[in-house]
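Trainee: heads up, no residue letters with this:
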DNA sequence: AATGAATGAGACTTCATTCAT
DNA sequence: TATGAATGAAGTCTCATTCAT
């Protein structure tokens, strides 16, 4: 029994290592060439595996990238998970500002891979779908936060929380892509404006 | 002399016709197959011209599509051109709401081609660049409108008009893509929420 | 000693079971996908064994199929074994007709597997060779029958029994493939015509 | 006008030449390697054209081969076209014998390509279908010949001409394949036996 | 101005088979 | 006896673009 488990584990370990090697090689290749120009050939060459090996672990290029992408998205989910239970408008404003800043900073930090993500979204329908799932996950969380504020009379109760959440996330997302594509960034100003407009609007 | 001019003019007319035929064929082909799957073959077959002919008038597939896209964008520019000189916050709110509605309605109206535009943006860097130009044009106009409101003490003067314009356009754009991809649409609710958030924010 | 034998026997039993499981799985897979599209992967998955296991018992896909095919052919051999000692032309006619009918009916009964056999013959030289062996076995038997008839002055003695046997079997075989590929079948008419032509020819 | 026609013709000539070069190269390649092992690569290399060029003229390997095959089949059709209007059984016998001989001799003559045809039939469903069409064409012609004999009271009228034609062609076809695959051949004996059995049957 | 024959890089994928455990 | 991770050869096919006419 023990013998068999050990045997299995050794094999599985090997398999996992190979898989990992492929994943790491992929990251390098994607960062170097972007999504479209990256090829399975390059990846397996870098990972030093046989051609078929890549196909044992992944169906195709899109799937490999998806795994890489999911890994990055985990970090974003962490930001989204921030507890949000403000008592006052001021507290809400601060919390939101904080979260926006974290969100945008993370994107800037992960700029390289995010650039590829952007490209992949446009090129691969499967990746685009995945991104929409990610987006919905964020929007869902924001919707809940808005509902909390509405229940506590902090926010206008006549607004549809989901629609507001969408608008809000969309603005954030677009600024994120903008920041990802620029070298110099003025995160602070963006954070400030986004938060102000969100909470208090433009007009006096 | 006269004879030659007449001859030239006839040629030019022919050339224009061919060009037009290519453009019309392209539209059909792009709408039918989307951007990526559309091929020059299909286009010239439909336009009943030779391979080389297409290359006399356009550099490549992207350029053909760009021309089609510009044509549609003209209609959007019309919407952007609406005069904006509100006297009160209420007037501003109404005007903005009106413009957002026109903008989104137009997108829904042109849904088919806009879907292809979306695809093309993701796939072709040249088209993406073009789209960014279009976007900047809108943002510039919005920036001016905001400045007008700020000068007239209708809007907060401590906000960077360009940044606000960006955030505002981004939210609009994203809802536009959303509407383009859905069959059923709730434009009115979206318009209402966008405008309210823009002018007065979410929080009380 | 006894102990070891018992142990071995258990192993052998297991081995036989595994082999059997593989064979049964193969049949399903071949019937479902045909010869070319069937893969070892599918077979071992269905048999719940490992990749290597299949190769312990069979050299390759062709060999697995050959075993399946042999199993079916046994039934045909049974038909061929029918005793053939007619006293009169009429008796010969009846016996032949009977045998043809059995032969074709069996093929129709085993239509599914026979379809795959047909495909495999075309694709795999090894299987084709096997089929030729099977064919020769039939022809040999028919040759003997013809010789019997010739010795008893029932059949023309100036004909080469082997050549006649070939012609006769070929016609039968081809009708068999035809029947295997059709849903509706008119076996009776075919049997009648084959037998008549064989025994008495077409011309008056 | 003349100018244009000349222009067109030059181009078409060129195209036809290329096509012809591909076809000739194909023949060599198919004869050398058989159907399965032949590759488009080998063909274009021999024809000294670019990769895509082959795909301008033919959809795939099967289609190229089909054209080659059709070319050979034309010769067979010539044999099939022999007028058949016998007055007596003897005359019928002679004519049939003659035609069978021509048919088999042609196959032996074209042995090399026919071997590939045999292989291709087994491997490619499209080629198999084509072969079935060819077969039906022969059978149709034979059916008509039988009907002629029946109308002239030379042949048994109670037999279904189509069924008889099938049986007859099948026997011929199978011997043909047999001859194609053997080096030494005893055509004469085969012709004799086939014809005798067909016209007068085996039994006395 | 119009044509259309020719090009060719190269991405993708599959699956039977091996061999170390 | 059983396993299953790893292999890698090899062939197909596409389509934007060119350039001689």
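Mentor: Looks like it came in fine. Keep in mind the model is a prediction, meaning the values are calculated, not measured.
Trainee: kindly report the residues of chain A close to DNA strand F.
Mentor: Residues of chain A that fall close to DNA strand F, judged by C-beta under 7 Å from any atom of the strand: A:11-12, A:14-15, A:17-19, A:48-53, A:55-56. C-beta: built from backbone N, CA, C; applies to glycine.
Trainee: now, the most widely separated pair of those residues?
Mentor: The largest separation in those, counting by C-beta to C-beta, is between A:12 and A:51 at 22.3 Å.
Trainee: just the closest of the residues of chain A next to DNA strand F to chain B, please.
Mentor: Minimum distance to chain B across the residues of chain A next to DNA strand F is 23.8 Å, recorded for residue A:55 (C-beta to the nearest C-beta).
Trainee: give the contact list for the closest one.
Mentor: Residues in contact with residue A:55 (C-beta atoms under 8 Å, 6 or more residues apart in numbering or on different chains): none are found.
Trainee: quick one, what contacts the spatially most central residue of chain A?
Mentor: Residue closest to the mean C-alpha point of chain A, counted by C-alpha atoms, centre = their mean, is residue A:73 at 3.2 Å. Applying C-beta under 8 Å, 6+ apart to residue A:73 gives the contacts residue A:134.
Trainee: tell me if the worst-scoring helix or strand of chain A on mean pLDDT is near chain C.
Mentor: Ranked by mean pLDDT, DSSP states H and E, the helix or strand of chain A with the weakest confidence is helix A:2-37, at a mean of 82. No: counting by C-beta under 8 Å from any C-beta of the partner chain, chain C has no neighbours in helix A:2-37; the shortest distance is 11.2 Å.
Trainee: next, the angle helix A:2-37 makes with the helix or strand following that helix.
Mentor: Downstream of helix A:2-37, the first helix or strand assigned by DSSP states H and E is helix A:40-47. Using axes from the mean of the first three to the mean of the last three C-alpha atoms, to 10 degrees, the inter-axis angle of helix A:40-47 relative to helix A:2-37 is 130 degrees.
Trainee: briefly note if the next helix or strand after helix A:40-47 comes near DNA strand E.
Mentor: Sequence order places helix A:51-57 as the next helix or strand after helix A:40-47, per DSSP H and E. Yes: Helix A:51-57 is in contact with DNA strand E by C-beta under 7 Å from any atom of the strand, via A:51-52, A:55.
Trainee: for the closest residue to chain B within chain A, what are its contacts?
Mentor: Closest contact between chain A and chain B, by C-beta to the nearest C-beta, is at residue A:122 (2.0 Å). By C-beta under 8 Å, 6+ apart, the residues touching residue A:122 are A:128, B:119, B:121-123, B:128.
Trainee: including pLDDT and secondary structure, could those residues go into JSON lines?
Mentor: Output for the contacts of residue A:122, formatted as JSON lines (pLDDT from 0 to 100; DSSP: H, G, I helix; E, B strand; the rest coil):
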{"residue": "A:128", "pLDDT": "91", "secondary structure": "helix"}
{"residue": "B:119", "pLDDT": "92", "secondary structure": "helix"}
{"residue": "B:121", "pLDDT": "93", "secondary structure": "helix"}
{"residue": "B:122", "pLDDT": "90", "secondary structure": "helix"}
{"residue": "B:123", "pLDDT": "89", "secondary structure": "helix"}
{"residue": "B:128", "pLDDT": "92", "secondary structure": "helix"}
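Trainee: out of those, who's nearest chain C?
Mentor: Closest to chain C, out of all of the contacts of residue A:122 and judged by C-beta to the nearest C-beta, is residue A:128, at 31.2 Å.
Trainee: so how far is residue B:176 from the closest one?
Mentor: Going from residue A:128 to residue B:176 by C-beta to C-beta, to the nearest Å gives 17 Å.
Trainee: go on, residue A:101?
Mentor: In this structure, residue A:101 and residue B:176 are 27 Å apart, going by C-beta to C-beta.
Trainee: how about residue A:185?
Mentor: Distance of residue A:185 to residue B:176, given as C-beta to C-beta: 26 Å.
Trainee: just say helix, strand or coil for residue A:97.
Mentor: helix (DSSP: H, G, I helix; E, B strand; the rest coil).
Trainee: run through the residues that contact it.
Mentor: By C-beta under 8 Å, 6+ apart, the contact set of residue A:97 is A:191-192, A:195.
Trainee: using the record's assignment, carve chain A into domains.
Mentor: A:1-59, A:66-202 (the TED database).
Trainee: just put these in TSV and tack on distance to residue B:154.
Mentor: TSV is the format used below for these (distance: least, C-beta to C-beta, whole Å):
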stretch	distance to residue B:154
domain A:1-59	45
domain A:66-202	9
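Trainee: which of the ones you listed is buried the deepest?
Mentor: Greatest average neighbour count among the domains of chain A goes to domain A:66-202 (a mean of 18), per mean count of other C-beta atoms under 10 Å in any protein chain shown.
Trainee: surely residue A:42 touches residue A:29?
Mentor: Yes: with contact defined as C-beta atoms under 8 Å, residue A:42 counts as touching residue A:29 (4.8 Å).
Trainee: now for the least confident helix or strand of chain A, which elements pack on it?
Mentor: helix A:40-47, helix A:51-57, helix A:61-80, helix A:111-123 (3 or more C-beta pairs under 8 Å, 6 or more residues apart in numbering or on different chains; DSSP states H and E).
Trainee: right, and residue A:146 touches residue A:161 too?
Mentor: Yes: with contact defined as C-beta under 8 Å, residue A:146 reaches residue A:161; the gap is 4.1 Å.
Trainee: just for chain A, where's the confidence low?
Mentor: Chain A contains residues with pLDDT under 70 at A:1-8, A:204.
Trainee: indicate the residue of it located nearest to DNA strand F.
Mentor: Ranked by C-beta to the nearest atom of the strand, the top residue of chain A for proximity to DNA strand F is residue A:52, at 1.4 Å.
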